[in-house]
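Peer 1: Sequence first, then the predicted structure:
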Amino acid sequence: MNDLDTYRPALHRFTLGQADVTTILDGAHIRKPINPPFAMDKSATEIAAIAAANNLPANGFENTYTPTIISIGGQTVLFDTGFGAMGHDNNAGNLARRMGLAGYAPEDIDVVAFTHCHPDHIAGVMEGDAPTFPNARYAIGRREFDAWTDGSEIPPQRAQNREMFLKLIPPLADRMTFLEDGDAVVPGLTAEAAFGHSLGHMMYRLESGDKSLLVWGDVTNHYVFSLQYPDSTVGFDDNKDMAIASRKRVLDMVATDGLLVSGHHMPFPSIGYVERHGHSYCWTPASYQLRM
């Protein structure tokens, strides 16, 4: 067992309205340096100051991967699939195993909804030659599917990623729903466009009773270096200008509306709020308010 995994929690489950929400830590990696991929418009001195102000190291960051499961109206929806087998030797790919701790088996998943097609979101959809979630149908943004299928807009550094997409996702097309902005995945769960990190990146909004949650995927990939500095270029983003525009729009929306967020790369359990902080924002993890 990796030291990163020894004592940390890996499961968080709560009720929101009439829905059950579970976040599961698929894995975690320490990556160096910070720039790239983050704060690419900042000097080393500026990055060190930002890190110190947030009680973080200045020589690297932890990247965590957290799929979300929502059960609502008799349907169980998994958002993104983690690394699957390709992560087993590198402290990731733990989603399917850890689902059991939350009372779910892979067979219980009715829908797999993809936010986008980067490896930590799609690689776990297959286990060997068989679907990991054998009873599921699939949902994906139409623009996302078309962009990866066509390939002409995919940046060169994503060439291997595209090969993975072509191997894993088009073969599932006969069981797939293609989503536009505002389409329902199941009653109570709606797709919302947030293009840029990938060309057709989607978020998903849960509405249950008077409660709401936004599964925002990779709108922002780090709770300090990206979220607090939404104008900064991020190396992970496939269309960087579009990603900045989406990041600023979504952060303004969730801060204004006080909207609860599940973020794939936010610190586990990856559930929290975005608060305005001067001319920027800060991430506020949810605490006991979800149990009251």
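Peer 2: Alright, I've got the coordinates.

Peer 1: hey, what's the residue lying closest to residue 172 once chain neighbours are set aside bridged with?
Peer 2: Closest residue to residue 172 apart from its sequence neighbours, by CB to CB, 6 or more residues apart in numbering: residue 138 at 5.2 Å. For glycine as for every other residue, the C-beta is placed from the backbone atoms N, C-alpha and C. Residue 138 has these beta-bridge partners by DSSP bridges: residue 112, residue 176.

Peer 1: what's the answer for residue 275, then?
Peer 2: Under the criterion used here (DSSP bridges), residue 275 is bridged to residue 282.

Peer 1: Isn't it up against residue 282?
Peer 2: Yes - counting by CB atoms under 8 Å, residue 275 touches residue 282, with 5.3 Å between them.

Peer 1: ranges for the helices of the stretch 51-200 of the chain?
Peer 2: 95-99, 119-122, 142-150, 159-168 (DSSP state H, counting those that start in this stretch).

Peer 1: Give me the residues contacting the second one.
Peer 2: Helix 119-122 is contacted from outside by 26, 65, 80-83, 86-87, 92, 114-115, 161, 164-165, 168-169, 217-218, 264, using CB atoms under 8 Å, 6 or more residues apart in numbering.

Peer 1: Using PDB, write down the CA coordinates of stretch 117-130.
Peer 2: Written as PDB, here are the backbone C-alpha positions of stretch 117-130 (Å, rounded to 0.1, in the frame of the first residue of the first chain):
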ATOM      1  CA  CYS A 117     -12.400  12.200 -22.300                       C
ATOM      2  CA  HIS A 118      -9.000  12.600 -20.600                       C
ATOM      3  CA  PRO A 119      -7.500   9.400 -19.200                       C
ATOM      4  CA  ASP A 120      -8.400   9.800 -15.600                       C
ATOM      5  CA  HIS A 121     -12.100  10.100 -16.600                       C
ATOM      6  CA  ILE A 122     -12.400   7.300 -19.200                       C
ATOM      7  CA  ALA A 123      -9.700   4.700 -18.700                       C
ATOM      8  CA  GLY A 124     -11.700   2.800 -16.100                       C
ATOM      9  CA  VAL A 125     -14.700   2.200 -18.400                       C
ATOM     10  CA  MET A 126     -13.300  -1.100 -19.500                       C
ATOM     11  CA  GLU A 127     -11.800  -4.000 -17.500                       C
ATOM     12  CA  GLY A 128      -9.800  -6.000 -19.900                       C
ATOM     13  CA  ASP A 129     -12.100  -6.600 -22.900                       C
ATOM     14  CA  ALA A 130     -15.400  -6.200 -20.900                       C
END
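
Peer 1: Could you pick out the buried ones from the contacts of helix 119-122?
Peer 2: Among those, those that count as buried by neighbour count (16 or more other CB atoms under 10 Å) are 26, 65, 80-83, 87, 92, 114-115, 161, 164-165, 168-169, 217-218, 264.

Peer 1: what's the neighbour count on residue 192?
Peer 2: Applying other CB atoms under 10 Å, we find 18 residues neighbouring residue 192.

Peer 1: Give me the neighbour count for the residue nearest to it when sequence neighbours are not counted.
Peer 2: Spatially, and ignoring its direct neighbours in sequence, residue 192 is nearest to residue 203 (4.6 Å; CB to CB, 6+ apart). Using other CB under 10 Å, residue 203 has 25 neighbouring residues.

Peer 1: What helix or strand is residue 203 located in?
Peer 2: strand 202-208 (DSSP states H and E).

Peer 1: could you check the angle strand 202-208 makes with the next helix or strand after that strand?
Peer 2: Going down the chain from strand 202-208, the next helix or strand is strand 211-217, by DSSP H and E. Following axes from the mean of the first three to the mean of the last three CA atoms, to 10 degrees, one obtains 160 degrees for the angle between strand 211-217 and strand 202-208.

Peer 1: Right, I'll call it a day here.
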